[in-house]
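Trainee: Pasting the sequence and the predicted coordinates here, then a few questions.
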Amino acid sequence: MTIVGAVLAGGRSARMGRDKAGITIDDEHRTLGERAVSTLRAVCDDVVVLGHGRSMPNDVARIVDALDDAGPAGGLLALLRCERAHTHTHTHRYVVVAVDMPNVRPEHLRALLDRGSIACFTCEGALQPLPLVIDAGARDRVEELVANGERRLTEIVAALAPKTVAVDRDVVRNVNRPDD
């Protein structure tokens, strides 16, 4: 089985005044994008960027969103469709993270991978759709949900009946404002 990491980095948010992926986040002067790629490389065989990927490291392949203005659902769908073009077997498992979640560590992703083919975190009892482990076999169900108009990633992931791992709120905290 091939494990591919995917960074959702195509958002149109202007709250930070620039692309989140290029914001320096830690004492090592790494950007959010570099940190996400590094975290995924610690547990995955390959890493790609979903969306426009501006401000992301240049050595990471980009996959354009499947649908305009569909947010993370468009990125997830593009990732699952991309696998279809390469093989008709279900040999890929994906680890999808948002570029703006700097507290996710390799050990958190390994815990999700250990849970099975579809897994995500819960925090204080609530489903957290990202990070997400998803098997290529979920493609048809995601296609169906999106074709029926679903764009909310939380609803898409919930419909897949994921196995879950409980984590503290800080793990899934995302950066949305300069104060964060």
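Mentor: Here it is on my side, so go on.
Trainee: In terms of helices and strands, where is L80?
Mentor: helix 72-86 (DSSP states H and E).
Trainee: give me the number of residues near R152?
Mentor: Per other Cβ atoms under 10 Å, the neighbour tally for R152 reads 13. Bear in mind the C-beta positions are built from the backbone N, C-alpha and C, glycine included.
Trainee: Count the residues that sit near the residue nearest to it when sequence neighbours are not counted.
Mentor: Distances taken as Cβ to Cβ, 6 or more residues apart in numbering put A73 closest to R152, at 7.3 Å, once the chain neighbours are dropped. Applying other Cβ under 10 Å, we find 22 residues neighbouring A73.
Trainee: Does A73 touch G149 like I think?
Mentor: No - look at A73 against G149 with Cβ atoms under 8 Å: they stay out of range, at 10.4 Å.
Trainee: For the protein, just list every one of the strands.
Mentor: Ranges of strands within the chain are 2-8, 46-50, 61-63, 92-98, 118-123, 126-135, 163-166, based on DSSP state E.
Trainee: Compare the mean pLDDT across those strands and name the weakest.
Mentor: Lowest mean pLDDT of those: strand 61-63, a mean of 87.
Trainee: from the middle of its chain, how far away would that strand be?
Mentor: Put simply, strand 61-63 sits 13 Å off its chain's centre (Cα atoms, centre = their mean, to the nearest Å).
Trainee: and if you look at stretch 162-178?
Mentor: 12 Å.
Trainee: Okay, buried residues for the helix or strand bottoming out on mean pLDDT in the chain please.
Mentor: For the chain, using mean pLDDT, DSSP states H and E, the weakest element among its helices and strands is helix 72-86, scoring a mean of 78. Within helix 72-86, the residues scored as buried using 16 or more other Cβ atoms under 10 Å are 72-80, 82-83.
Trainee: for those residues, which one is nearest A126?
Mentor: A126 lies nearest to P72 out of these, by Cβ to Cβ, at 16.8 Å.
Trainee: Find the nearest non-adjacent residue to the closest one, please.
Mentor: P72 sits nearest to L153 (Cβ to Cβ, 6+ apart), 4.5 Å away.
Trainee: For the closest residue to R115 other than its chain neighbours, give me its contacts.
Mentor: In this structure, R115 finds its nearest non-sequential neighbour in K163, 4.1 Å apart by Cβ to Cβ, 6+ apart. Counting by Cβ atoms under 8 Å, 6 or more residues apart in numbering, K163 makes contact with 115-116, 118-119.
Trainee: Please apply the same query to L79.
Mentor: 4, 6, 48, 50, 63, 94, 96.
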